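> all I have is the shape, not the residue letters:
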Ligand code: F6P
């Protein structure tokens, strides 16, 4: 094992740089070279790269985003994409590729196995929807931003006796909304896993009012939808190269629905990219460090088509096939029920 490639793909999140740093430090310690490919799979497809030294990764641990750049490039939706990717893998004398990303990026890593690429995945997505791992890099940082936003909305909500709707990311999963909302003490949390009933949302607000609380904070996932509406709300048409539509707008949809049945002032905040940017939490830095080191160890052991999975205590190998087959990871029902207690 002399040389590994490294790519970071999909939506970025705080913590990726910590994983890049750990991969480079561990690999160099083992006398291995690391070639960083730019902007996700696009870098390996186009042979756009730079050799990463210890100096290159110095000081990047606390910095959000990714030093290597990211994109949602899917080699499998490009003419001869997998073949070209493999060509560049061979041309660079790579023994393996470490891919940092979510289900799309790691799905490509898994499929490239059939073309001769040895890959190890590191879970990274603010959505925390990757199966077979308790946590993915970026989730802790994103939910911390949601928590802080809920804290800030509280002070203005109680001052103006308003309903504050906070729309958060997460695609088809409600992990960010649920954990961020619980951490911030939101009064209603609406997630894609449970289509909501507008009258129930009003009911909770009214119950709080009856108990003397004339304001409420509602956290809603971008992928949530009301019962009976068989589609998610989107503001843009078209899909990315993995076939995903761009979600967004459910916060304003909810406001319109509530306005029609509730005589209280309502305001909407869309947290958007603020929850993906900024510095990683201590948890994400440590998770990234541990996963980066483990990924290099798996390569040294000749174990591929795996992901570094964190079960809450240890980082263990888990097959990428299983990860892809079982993603997105549903929220455990016990966790979901916790939100019903707080309003
Ligand atoms: O997967 C991470 C994520 O932030 C989702 O929560 C969100 O739906 C999507 O990426 C936004 O994608 P883009 O960065 O392409 O706008």
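That came in fine, so what should we check first? Not measured: the values here are computed from a predicted model.

> how's this structure carved up into domains?
What automatic domain parsing lists as the domains of the chain is 3-138+280-326, 140-277.

> tabulate those domains in TSV, adding columns for mean neighbour count and distance to residue 337.
From N, CA and C alone the C-beta is placed, and that goes for glycine too. Putting these into TSV (neighbours: other C-beta atoms under 10 Å; distance: least, C-beta to C-beta, whole Å) gives the following:
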stretch	mean neighbour count	distance to residue 337
domain 3-138+280-326	21	18
domain 140-277	19	10
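
> quick check: which of these is nearest to residue 343?
Among those, the nearest to residue 343 by C-beta to C-beta is domain 140-277 (4.5 Å).

> and the closest one, how far out from the chain middle?
18 Å (C-alpha atoms, centre = their mean, to the nearest Å).

> quote the end-to-end distance of it.
One end of domain 140-277 to the other measures 12 Å (C-alpha to C-alpha, to the nearest Å).

> quick check: mean pLDDT across that domain?
Across domain 140-277, pLDDT averages out at 96.

> I figured residue 22 was touching residue 297, is that so?
No: using C-beta atoms under 8 Å, residue 22 makes no contact with residue 297, being 10.8 Å away.

> rewinding a little: let me have the domains of the chain in a markdown table, extended by distance to the ligand.
Converted to a markdown table, those look like this (distance: least, C-beta to the nearest ligand atom, whole Å):
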| stretch | distance to the ligand |
| --- | --- |
| domain 3-138+280-326 | 3 |
| domain 140-277 | 3 |
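
> closest one to residue 336 among these?
Closest to residue 336 of the domains of the chain is domain 140-277 (C-beta to C-beta; 6.6 Å).

> this structure: strands as residue ranges?
3-8, 33-37, 49-52, 96-101, 119-123, 163-168, 188-190, 216-221, 234-239, 245-247, 266-270, 306-310, 315-319 (DSSP state E).

> the fifth one to strand 306-310, inter-axis angle?
Spelled out, it's strand 119-123. Angle of strand 119-123 versus strand 306-310, following axes from the mean of the first three to the mean of the last three C-alpha atoms, to 10 degrees, is 30 degrees.

> ok, and what's touching strand 119-123?
Applying C-beta atoms under 8 Å, 6 or more residues apart in numbering, the set of residues contacting strand 119-123 from outside is 19, 96-102, 105-106, 109-110, 112-113, 130, 133, 135-137, 288, 291-292, 295, 298-299, 303-310, 320, 323.

> grab the nearest non-local neighbour of residue 223.
In space, residue 223 comes closest to residue 192 once its chain neighbours are excluded; the distance is 3.8 Å by C-beta to C-beta, 6 or more residues apart in numbering.

> and that neighbour, what does it touch?
170, 172, 173, 174, 221, 223, 224, 225, 232.

> cool, and residue 218?
By C-beta under 8 Å, 6+ apart, residue 218 lies in contact with 163, 164, 165, 166, 186, 187, 188, 189, 190, 201, 254.

> now do the contacts for the last one.
What that stands for is residue 254. Residue 254 makes contact with 165, 190, 198, 201, 218, 220, 268 under the criterion C-beta under 8 Å, 6+ apart.

> likewise the fifth one?
By C-beta under 8 Å, 6+ apart, the contact list for residue 186 reads 150, 166, 180, 217, 218, 219, 342.

> go with 10 Å
The contact partners of residue 186, by C-beta atoms under 10 Å, 6 or more residues apart in numbering, come to 146-147, 149-150, 153-154, 164, 166, 177-178, 180, 216-220, 339, 342-343.

> ditto for the second one
Residue 164 is in contact with 149-150, 152-154, 156-158, 186-187, 215-219, 265-269, counting by C-beta under 10 Å, 6+ apart.

> likewise for residue 253?
So residue 253 contacts 165, 167, 198, 220, 224, 225, 226, 229, 233, 268 (C-beta under 10 Å, 6+ apart).

> picking up where we left off before, closest to residue 5 among the contacts of residue 218?
Closest to residue 5, out of all of these and judged by C-beta to C-beta, is residue 166, at 39.2 Å.

> wait, the closest one touches residue 255, no?
No: applying C-beta atoms under 10 Å, one finds residue 166 not in contact with residue 255, separated by 11.5 Å.

> overlap in contacts of those two?
Joint contacts of residue 166 and residue 255 (C-beta under 10 Å, 6+ apart) are 218, 267, 268.

> show me where the stretch 201-343 of the chain has its helices.
Taking DSSP state H, counting those that start in this stretch as the test, the helices found in the stretch 201-343 of the chain are 250-259, 282-300, 320-326, 333-338.

> nearest to residue 69, of these?
Proximity to residue 69 (C-beta to C-beta) singles out helix 282-300 among the helices of the stretch 201-343 of the chain, at 17.1 Å.

> quick one: residue 45 and residue 5 touch, right?
No: contact status for residue 45 versus residue 5: not in contact, 11.9 Å apart, counting by C-beta under 10 Å.
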